[in-house]
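Novice: Here is the input, now give the coordinates:
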Amino acid sequence: MNDDQTVSADLSITDLKSELESVRSKLQIAEQKIMQLELSLLQSRDFAIGAVAQTGEARVDRDKFKDQLKDSNIHIKSHLAHIKRLEEAMVELNRVSTLDRTRIAELGRRSTELDHVYKSASWKIGRLIMIPVRILRKITK
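Specialist: Residues are numbered from 1 along each chain as shown. Now for the predicted structure:
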């Protein structure tokens with residue numbers, strides 16, 4: 001019986017060794033899967049951190065573009081106001097130039113009338129008569 005026990009002990013040790021090898025290989029496979037899962041987890045975490053960073057940059061860009069849009073709108077309003085002032089100035093200039101043209105025409109007519117007066121005989125006679133009075137006025141001053 002001793003031999004049976006030794007054989008069965010040898011078989012059980014062999015079985016245990018094979019089972020131990022099987023468990024070790026399963027453990028190694030499980031550790032590899034754990035390492036792969038940890039790597040996937042790290043990659044996912046890195047991707048999430050990158051996505052958060054991109055979101056932050058997008059917010060900053062959005063705020064920057066909002067500020068630029070606001071500045072552009074102010075600039076456009078300023079230009080429109082300037083254009084309106086220029087248009088009003090042009091209307092005023094046209095109105096004034098129309099008045100100036102009529103005024104120039106009126107001054108031209110008056111100048112012509114004065115030329116006729118200076119050429120008239122009554123002006124020349126009156127001037128001749130008034131020469132002594134003018135001389136007396138200059139002496140008294």
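
Novice: Run a quick neighbour tally on residue 78.
Specialist: 10 (other C-beta atoms under 10 Å). Quick note: C-beta positions are derived from backbone N, CA and C, even for glycine.

Novice: cool, the one 5 residues further on as well?
Specialist: Residue 83: 10 surrounding residues under other C-beta under 10 Å.

Novice: mean confidence score for the host helix or strand of it?
Specialist: For residue 83, the host element (DSSP states H and E) is helix 2-119. Across helix 2-119, the average pLDDT comes to 87.

Novice: Give me the helices and strands touching it, please.
Specialist: With contacts defined as 3 or more C-beta pairs under 8 Å, 6 or more residues apart in numbering; DSSP states H and E, helix 2-119 has no helix or strand neighbours.

Novice: following it, which helix or strand comes up?
Specialist: helix 121-140.

Novice: now the angle between helix 2-119 and that following helix, please.
Specialist: Between helix 121-140 and helix 2-119, the angle comes out at 100 degrees (axes from the mean of the first three to the mean of the last three C-alpha atoms, to 10 degrees).

Novice: now helix 121-140, how far from the centre of its chain.
Specialist: Offset of helix 121-140 from its chain centre (C-alpha atoms, centre = their mean, to the nearest Å): 77 Å.

Novice: what do you get for stretch 33-44?
Specialist: With C-alpha atoms, centre = their mean, you get 45 Å for stretch 33-44.
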